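A.B. asks: Build me a structure from this.
(one chain, ligands or ions: 1)
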Amino acid sequence: MTRITFERLASDGKARTGVIRTPRGDIRTPAFMPVGTAATVKAMMPDSVAATGADILLGNTYHLMLRPTAERVARLGGLHKFMNWSGPILTDSGGFQVMSLADLRKLTERGVTFKSHIDGSRHEITPERSMEIQALLGSDIVMCFDECPALPASRDRIAESMELSMRWARRSRDAFGDRPGHALFGIQQGGLERDLRQQSAEALCEIGFDGYAVGGLAVGEGQEAMFDCLDYAPDQLPEDRPRYLMGVGKPDDIVGAVARGIDMMDCVLPSRSGRTGQVFTRLGVVNIKNGRHADDPRPLDESCGCPACRNYSRAYLHHVFRSQEIISSMLLTWHNLHYYQDIMAGMRAAVAEGRFAAWQADFHATRAQGDIDPL
Ligand SMILES: [Zn+2]
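C.D. replies: The predicted model follows:
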């Protein structure tokens with residue numbers, strides 16, 4: 001099986017565009033990965049997710065290991081077949097979600113033990129077990145098992161945690177072995193401390209990975225602090241490998257991250273917001289539950305090509321949201337994912353044509369106009 005490779009096609013400032021080639025298909029970068037937590041992008045059929053322009057999905061190791069279990073997914077032919085998604089899948093390592101969701105966590109040099117938030121059963125994830133679970137799932141891009149403290153944390157705590165994550169990165173690399181057609185990404189840690197991020201990057205490069213993630217951001221530090229860190233963190237990672245910013249973010253976070261040299265991102269925000277009536281458009285955020293939409297025959301965004309905007313009025317979307325109809329989650333999620341992929345496509349084209357700064361200025365100016373006036 002061929003190896004996963006990254007071809008850089010163009011740069012404009014720090015922004016890059018390229019393609020990650022995998023046996024399951026190409027991933028155009030910068031790429032946004034919709035999150036398919038429990039082997040589904042909630043409220044979306046896999047074909048619909050692909051129709052929005054997504055090349056790759058993210059699956060969550062923590063959720064899948066608990067239910068239906070990685071062993072069951074493997075017996076049923078792997079995650080791609082199980083969920084009917086033929087494109088590439090990236091899985092996280094389980095580390096972040098154990099720390100944010102599980103009960104009674106115990107962290108040791110060996111790994112993390114915890115109680116399931118679903119049924120209270122006891123589990124352990126070590127770097128070796130995380131690699132095993134991600135292999136059982138059949139993930140195309142596997143993430144190292146790591147640990148990251150919630151911010152704010154003391155510098156000592158951040159340093160200790162980063163050093164543990166680097167030892168776990170080595171163990172992840174050893175346990176992953178040589179699997180042609182599958183990639184292993186390392187994860188840079190170090191909080192908002194530039195020198196710790198540098199040490200982390202050097203430790204990862206010495207081990208050697210197919211791609212590198214900036215971890216430990218979007219954990220409550222705020223956009224300004226995140227951008228300050230992204231002003232240097234991606235530069236500390238190898239230029240010739242994909243750089244992945246984990247768990248980000250809002251549309252303006254994504255644009256700011258790409259401007260700072262990030263190639264891949266994932267976030268539950270567009271799909272989760274679709275279910276709570278929060279809609280992202282070129283003109284900013286629209287709250288569809290607001291009564292101002294009840295008689296409005298206009299689309300959410302007249303320039304959007306998604307089914308929610310092409311075929312339905314704001315009045316209809318408002319009605320089905322208020323009535324808690326299932327189609328509300330379907331249409332709003334579709335729109336949000338479509339809009340996110342439109343942003344990615346816009347940035348890829350702008351970088352390729354050397355007009356990224358102008359594209360970025362237009363993105364911000366359009367948002368600053370705010371939503372269309374009520375009728
Ligand atoms: Zn739309």
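
A.B. asks: Distance-wise, check the spatially most central residue of the chain relative to residue 141.
C.D. replies: Taking C-alpha atoms, centre = their mean, the centroid of the chain lies closest to residue 266, which sits 1.1 Å from it. Using C-beta to C-beta, to the nearest Å, we find residue 266 at a distance of 11 Å from residue 141. To be clear about C-beta, it is placed using only N, CA and C from the backbone, and glycine gets the same treatment.

A.B. asks: In the beta-sheet assignment, what are the partners of residue 18?
C.D. replies: Beta-bridge partners for residue 18, by DSSP bridges, are residue 8, residue 29.

A.B. asks: Pretty sure it sits against residue 7.
C.D. replies: Yes: with contact defined as C-beta atoms under 8 Å, residue 18 counts as touching residue 7 (5.4 Å).

A.B. asks: Those two: who's more crowded?
C.D. replies: When residue 18 and residue 7 are compared on other C-beta atoms under 10 Å, the one with more neighbours turns out to be residue 18, at 22 against 11.

A.B. asks: What sits closest to the residue in the stretch 151-300 of the chain positioned nearest to the ion if chain neighbours are left out?
C.D. replies: The nearest approach of the stretch 151-300 of the chain to the ion comes at residue 300, 5.4 Å away (C-beta to the ion). What sits nearest to residue 300 in space, not counting adjacent residues and going by C-beta to C-beta, 6 or more residues apart in numbering, is residue 309, at 5.1 Å.

A.B. asks: quick one: that neighbour and residue 301 touch, right?
C.D. replies: Yes: with contact taken as C-beta under 8 Å, residue 309 and residue 301 are classed as touching, separated by 5.3 Å.

A.B. asks: who touches both of those two?
C.D. replies: residue 335 (C-beta atoms under 8 Å, 6 or more residues apart in numbering).

A.B. asks: And this protein, what are its domain boundaries?
C.D. replies: Here the domain assignment for the chain is 5-267, 275-366, based on automatic domain parsing.

A.B. asks: most packed of the ones you listed?
C.D. replies: domain 5-267 (a mean of 20; mean count of other C-beta atoms under 10 Å).

A.B. asks: quick one: the residue of the stretch 51-200 of the chain at minimum distance from the ion from residue 41, how far?
C.D. replies: As assessed by C-beta to the ion, the ion sits closest to residue 52 within the stretch 51-200 of the chain, at 9.7 Å. Taking C-beta to C-beta as the measure, residue 52 and residue 41 are separated by 10 Å.

A.B. asks: residues shared between the contacts of the two?
C.D. replies: Taking C-beta under 8 Å, 6+ apart as the contact definition, residue 52 and residue 41 share the neighbouring residues 34, 337.

A.B. asks: on that earlier part again, can you tell me how far the residue nearest to the centre of the chain is from residue 37?
C.D. replies: From residue 266 to residue 37 the distance is 11 Å (C-beta to C-beta).

A.B. asks: what residue ranges in the protein are flagged as low confidence?
C.D. replies: Within the chain, the set of residues satisfying pLDDT under 70 comprises 1.

A.B. asks: Can you name the residues of it sitting close to the ion?
C.D. replies: Counting by C-beta under 5 Å from the ion, the chain comes close to the ion at 304, 306, 308-309, 335.

A.B. asks: Farthest pair within these?
C.D. replies: Of all pairs drawn from these, the one with the largest separation by C-beta to C-beta is 304 and 308; the distance is 7.8 Å.

A.B. asks: Quick check: neighbours shared by these two?
C.D. replies: With C-beta under 8 Å, 6+ apart applied, the overlap between the contact sets of residue 304 and residue 308 consists of residue 335.

A.B. asks: can you give me the strands for the stretch 251-375 of the chain?
C.D. replies: Secondary structure of the stretch 251-375 of the chain by DSSP state E, counting those that start in this stretch: the strands cover 264-267, 278-281, 284-287.

A.B. asks: Start from the N-terminal end of the stretch 1-150 of the chain and give the helices.
C.D. replies: Counting by DSSP state H, counting those that start in this stretch, the segments of the stretch 1-150 of the chain that form helices are 46-51, 61-66, 70-75, 79-83, 95-101, 127-137.

A.B. asks: Let's have those in a markdown table, adding distance to residue 194.
C.D. replies: As requested, the helices of the stretch 1-150 of the chain are arranged in a markdown table below (distance: least, C-beta to C-beta, whole Å):
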| stretch | distance to residue 194 |
| --- | --- |
| helix 46-51 | 37 |
| helix 61-66 | 30 |
| helix 70-75 | 37 |
| helix 79-83 | 37 |
| helix 95-101 | 22 |
| helix 127-137 | 26 |
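
A.B. asks: Of all these, which one is nearest residue 29?
C.D. replies: Of all these, helix 46-51 sits nearest to residue 29, with 17.0 Å by C-beta to C-beta.

A.B. asks: helices or strands up against that closest one?
C.D. replies: In terms of contact count using 3 or more C-beta pairs under 8 Å, 6 or more residues apart in numbering; DSSP states H and E, helix 46-51 is assigned no packing partners among helices or strands.

A.B. asks: and that helix, how far from the chain's centre?
C.D. replies: Between the mean C-alpha location of helix 46-51 and the chain-wide mean there is a distance of 17 Å, by C-alpha atoms, centre = their mean, to the nearest Å.
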